[in-house]
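A.B. asks: Need a 3D model of the following:
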Amino acid sequence: MNPSSDWLLPDWSAPANVRACVTTRAGGISLQPFDSLNLGDHVEDDPQAVADNRRLLVERLDCQPAWLRQVHSPDVVEADPAHVPVADASWSATPGIACSVLTADCLPALFCDRAGTRVAAAHAGWRGLANGVLENTLDALAVEPSEVLVWLGPAIGPQAFEVGPEVREAFVSQHAEAECAFGSSRNPGKYMADIYALARIRLAARGVTAVYGGGLCTVGDERFFSYRRAARTGRFASLVWLVD
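C.D. replies: Now for the predicted structure:
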């Protein structure tokens, strides 16, 4: 792997044969407002620019990304670079195939097992998170929760994520402790949500305690695309894969 110096490498205790990275806005050819390494092909960017950006990505990695058509669902599939299924998470046990998700405020979650035999990536907006996309990803990995590591990538931070009462209810009705992930807002009837805390609560409920990351905010950090900062924008990628 030859990642750009602008990309993020997860700080987690993954096995040596697990690779992962998160791209940033830098290093591509897309023009404003998609500048410059936009990897999303559904945001009205020039299709050729997106194709070229994806080619640039592959040239820097020792893997083949498996993309998804993300719809904020809890659905998980086996990663396959030859197909683009409708799903919001994928898993793989095959070296060289990268589970890949695209985000611009939603939470990217990368998974691996301690033995280095399986990896997965999930796209978790609040709807997918509330509907169980992380739990379904754990089920697809088919390993004991104590053997799973998770890294939470760049997402909208609690100081920027204002939500309505229906969002709070969706989480608190399932896990009472999720109440602590909702702070007060300056706007009556609204709450400030901590999507990182919500993810940790749901993972802990399934027995996963080796959870890393979760300290960035895509809205405030202009290295990343952010839909809340600018609705017409690109998408960055979070990828995880195995090597021989």
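
A.B. asks: Dig out what the residue sitting nearest the centre point of the chain forms beta bridges with.
C.D. replies: Most central in the chain under Cα atoms, centre = their mean is residue 108, positioned 1.2 Å from the mean C-alpha point. Per DSSP bridges, the residues bridged to residue 108 are residue 123.

A.B. asks: Doesn't residue 151 lie inside a helix?
C.D. replies: No. Secondary structure of residue 151, determined by DSSP: H, G, I helix; E, B strand; the rest coil: strand, with no helix assignment.

A.B. asks: wait, it sits on residue 212?
C.D. replies: Yes. Here residue 151 reaches residue 212: they are 4.7 Å apart, a contact under Cβ atoms under 8 Å. In this view, the C-beta of every residue, glycine as well, is placed from N, C-alpha and C.

A.B. asks: Can you pick out the residue with more neighbours from these two?
C.D. replies: It is residue 151, of residue 151 and residue 212, that has more neighbours when counted by other Cβ atoms under 10 Å, with 25 against 16.

A.B. asks: Where does pLDDT dip in the protein?
C.D. replies: Of all residues in the chain, those with pLDDT under 70 make up the ranges 1-4.

A.B. asks: Please, where are all the helices along the protein?
C.D. replies: Remark: helices assigned in the chain by DSSP state H are 47-60, 126-130, 133-141, 165-172, 195-205.

A.B. asks: hmm, what's the outermost residue in the chain?
C.D. replies: The outermost residue of the chain relative to its centre, with distances by Cα atoms, centre = their mean, is residue 188 at 30.3 Å.

A.B. asks: Would you quantify the distance from residue 132 to residue 45?
C.D. replies: Distance, residue 132 to residue 45, by Cβ to Cβ, to the nearest Å: 31 Å.

A.B. asks: anything in contact with each of residue 151 and residue 212?
C.D. replies: 10, 11, 12 (Cβ atoms under 8 Å, 6 or more residues apart in numbering).

A.B. asks: residues in contact with the first one?
C.D. replies: Contact partners of residue 10, counting by Cβ under 8 Å, 6+ apart, are 20, 21, 22, 110, 151, 153, 212, 213.

A.B. asks: beta partners for the fifth one?
C.D. replies: With DSSP bridges applied, the residues forming beta bridges to residue 151 are residue 110, residue 212.

A.B. asks: in this structure, which spans are strands?
C.D. replies: Using DSSP state E, the strands found in the chain span residues 18-22, 64-66, 76-78, 89-92, 97-103, 107-113, 119-124, 148-152, 162-163, 182-184, 191-193, 210-213, 236-242.

A.B. asks: Single out the most deeply packed of the ones you listed.
C.D. replies: Each of these was scored by mean neighbour count; the highest is strand 119-124, a mean of 30, by mean count of other Cβ atoms under 10 Å.

A.B. asks: quick one: residue 153 and residue 213 touch, right?
C.D. replies: Yes. Under the contact definition of Cβ under 8 Å, residue 153 touches residue 213, with a separation of 6.1 Å.
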